[in-house]
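Enquirer: dropping a prediction and its sequence here:
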Amino acid sequence: MRALLQRVRQAAVEVDGREVGAIASGLVVFLGIGREDTPEDAQKLSEKTVQIRIFPDEKHSMNRSLEDVGGEILLVSQFTLYADCRKGRRPSFEPAEAPERAQALCQEFAQNLEKLGYKPKEGVFGAHMAVRLENDGPVTILLET
């Protein structure tokens, strides 16, 4: 499982020209599900997401977590995080999980975030989405299980 975290000042996601989720400051989490990922991976990654210290303290050091700053989460499923570009010019998505199982694990990840006190705003699984964000820093971190 891969989560690409972007620390943001604000973010929103649209489907068919309609905004389906938006947050003020916090994290945009682009979530990719691989073929070998498990519910345990979703649990571990959700905990790491809210606990990772990538927000600035009063000395501008990355020393605070999402929990510490009271930030929000915008969750966007993104199978392209599992693109394999080692051969040829077209990415292979063979390492990505099939949509039905990936959607279940993505929902599990979101439910784990809720159990940790964060009700994520979400995109629409499998839809073509337009994501607008204002990256803060910029800070972009890749987490993997």
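Expert: In hand now; what should we look at? Numbers count the residues shown, from 1 in each chain.

Enquirer: report the buried residues of stretch 29-41.
Expert: Burial within stretch 29-41, assessed by neighbour count using 16 or more other Cβ atoms under 10 Å, is assigned to Val29, Phe30, Leu31, Gly32, Ile33, Gly34, Asp37, Asp41. From N, CA and C alone the C-beta is placed, and that goes for glycine too.

Enquirer: I misspoke; the intended subject was stretch 133-145.
Expert: Quick answer for stretch 133-145 (16+ other Cβ under 10 Å): Leu133, Asp136, Leu143, Thr145.

Enquirer: out of those residues, who's nearest Gly71?
Expert: Asp136 (10.0 Å; Cβ to Cβ).

Enquirer: for the helix or strand of the chain with the lowest mean pLDDT, packing partners?
Expert: Here the helix or strand of the chain ranked lowest by mean pLDDT, DSSP states H and E is helix 66-69, holding a mean of 94. Counting contacts by 3 or more Cβ pairs under 8 Å, 6 or more residues apart in numbering; DSSP states H and E, helix 66-69 packs against strand 26-32, helix 39-51, strand 55-56.

Enquirer: all the strands of the protein, in order from the start?
Expert: 2-15, 18-23, 26-32, 55-56, 62-64, 72-77, 121-122, 129-144 (DSSP state E).

Enquirer: show me what counts as buried in the first one.
Expert: Going back to what we said before, that points to strand 2-15. Applying 16+ other Cβ under 10 Å to strand 2-15 flags Arg2, Ala3, Leu4, Leu5, Gln6, Arg7, Val8, Gln10, Ala11, Ala12, Val13, Glu14 as buried.
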